[in-house]
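>>> how does the following fold in three dimensions:
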Amino acid sequence: PPKSPDGSEKSPPSKELITSDTGSTLCISSRSESVWTSASRSKWDIYHKPIIVVSVGVAIFLFGTVITSLSCFLIKNKKVYKMSGPAFLSLGLMLLVCGLVWIPIIRKKQKQRQKSQFLQSLKSFFFNR
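Below is the predicted model:
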């Protein structure tokens, strides 16, 4: 380090410590929130996402059915209808199946959550005396 005119050494400029706020910036997932909140949710709150996916899937599937049937009746742009119709059919069917599979998964998780809450209440009853 450079020396001052009177001969004493200068300390290097102090570096400020960089503090991290990782504890406050952690994202809280919906799973961890549901563990801490015991408020009951309505059926719509639980099943609204798969219902929306199933509804969109049915709508796209029906749209694909209409476009595919148009390829049988219309002569103009027949190739476009023949190519896009099955694409909409498959996309709609995929969303429909995903939504229908999602519903039993949610039911299973709800049953597991109820069992877990029951066991937690039993444990707190017996061990907190």
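>>> for the record, mean pLDDT for stretch 122-129?
Per-residue pLDDT over stretch 122-129 has a mean of 76.
>>> now the strands: where do they sit in the chain?
Using DSSP state E, no strands are found in the chain.
>>> where does it have low pLDDT?
1-39, 129 (pLDDT under 70).
>>> how about the helices in it?
With DSSP state H, the ranges of helices along the chain come out as 22-25, 30-36, 43-73, 78-127.
>>> of those, flag the one that's most buried.
Of these, the one with the most neighbours on average (mean count of other Cβ atoms under 10 Å) is helix 43-73, at a mean of 15. (C-beta placed from N, C-alpha, C; glycine too.)
>>> tell me the angle of that helix relative to helix 78-127?
170 degrees (axes from the mean of the first three to the mean of the last three Cα atoms, to 10 degrees).
>>> helix 43-73 - contacts with which helices or strands?
helix 78-127 (3 or more Cβ pairs under 8 Å, 6 or more residues apart in numbering; DSSP states H and E).
>>> point out the other helices and strands that the helix it packs on packs with.
helix 43-73.
>>> how about the contacts made by the residue lying closest to Pro50 once chain neighbours are set aside?
Once flanking residues are discounted, Pro50 sits nearest to Trp102: 4.0 Å by Cβ to Cβ, 6 or more residues apart in numbering. Residues in contact with Trp102, defined by Cβ atoms under 8 Å, 6 or more residues apart in numbering, are 49-50, 53.
>>> please apply the same query to Thr65.
85, 89 are the contacts of Thr65 under Cβ under 8 Å, 6+ apart.
>>> let's see 10 Å
By Cβ atoms under 10 Å, 6 or more residues apart in numbering, the residues touching Thr65 are 85, 88-89, 92.
>>> cool, Lys49 as well?
Counting by Cβ under 10 Å, 6+ apart, Lys49 has contacts 99, 102-103, 106.
>>> repeat that for 7 Å
Contacts of Lys49 were listed using Cβ atoms under 7 Å, 6 or more residues apart in numbering, and none were found.
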